[in-house]
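Asker: Pasting a predicted model and its sequence here:
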Amino acid sequence: MHLSQKERKIIIDCIEKIRFELERDIDKHSKELIVSNIELFLRYCSRFYDRQFITRDVVNDGVVHQFKRSLHHYLYSGKASELGCPSVGHFAQEQYLSANYFGDLVKKETGKSALEIIQTKLIEVAKERIFDPSKSVSEIAYELGFKHPQHFSRLFKSKVGYSPNEYRMMN
């Protein structure tokens, strides 16, 4: 989490209050004060966590742009057939971020989850490749990193409304 000096002081102050209560002799107020200070600490953490997505807009935009570029490269370079379906964790790791933080950042910046973006791009590439009559649906699925073609077909149908073969026949 990215904290300003003032925010860091607030967090440290909360921790010090909790520590103070834990090191004291226990009385009838101890538990309530510890719980209250932990709640305050967690509320500040939530506030600062959410705030960093707003104040780090330029940096975050770069992360999202790099993610989309990397996803495009992943699908068009043949990495998917080697490494498997693209995952949120893979792209988070590329940018030295945790998968949860990366997912939150992408969602706040784009309004879509990282998984939704990955699936949308997978379907976009699949639609391009489906019109190549020399490739079977299974071959396309393997090229996109799916271990099982039926998983590809299920995703395709859920996103497009038609199975890959039905879509191929319609167009």
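Answerer: Perfect, I can see it now.
Asker: ok, now which ones touch the closest residue to residue 80 other than its chain neighbours?
Answerer: In space, and not counting its chain neighbours, residue 80 is closest to residue 145: 3.5 Å by C-beta to C-beta, 6 or more residues apart in numbering. For the C-beta atoms, the positions are set from N, CA and C on the backbone; glycine is no exception. Residue 145 sits next to 80, 81, 83, 84, 85, 86 when contact means C-beta atoms under 8 Å, 6 or more residues apart in numbering.
Asker: Taking the centroid of this protein, which residue is nearest it?
Answerer: Residue closest to the average C-alpha location in the chain (C-alpha atoms, centre = their mean): residue 103, at 2.2 Å.
Asker: Just the helices from this structure, written as ranges.
Answerer: Remark: helices assigned in the chain by DSSP state H are 5-23, 30-55, 57-76, 79-83, 88-94, 99-110, 114-129, 137-143, 149-160, 164-170.
Asker: will you turn the ones you listed into JSON lines that also has mean pLDDT?
Answerer: Shown next, in JSON lines, are these (pLDDT from 0 to 100):
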{"stretch": "helix 5-23", "mean pLDDT": "94"}
{"stretch": "helix 30-55", "mean pLDDT": "86"}
{"stretch": "helix 57-76", "mean pLDDT": "84"}
{"stretch": "helix 79-83", "mean pLDDT": "94"}
{"stretch": "helix 88-94", "mean pLDDT": "96"}
{"stretch": "helix 99-110", "mean pLDDT": "90"}
{"stretch": "helix 114-129", "mean pLDDT": "97"}
{"stretch": "helix 137-143", "mean pLDDT": "96"}
{"stretch": "helix 149-160", "mean pLDDT": "97"}
{"stretch": "helix 164-170", "mean pLDDT": "93"}
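Asker: Show me how to select, in ChimeraX, the buried members of the contacts of residue 145.
Answerer: Buried members of those, defined by 16 or more other C-beta atoms under 10 Å, are picked up in ChimeraX with:
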select :80,85,86
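Asker: now, the most widely separated pair of the contacts of residue 145?
Answerer: Using C-beta to C-beta, the contacts of residue 145 span at most 11.5 Å, a distance reached by 81 and 86.
Asker: how about stretch 147-158: buried residues?
Answerer: Per 16+ other C-beta under 10 Å, stretch 147-158 contains these buried residues: 149, 152, 153, 155, 156.
Asker: thought the second one was touching residue 143?
Answerer: To tie it back to what came earlier, the one meant is residue 152. No. Taking contacts as C-beta atoms under 8 Å, residue 152 lies outside contact range of residue 143: 9.7 Å.
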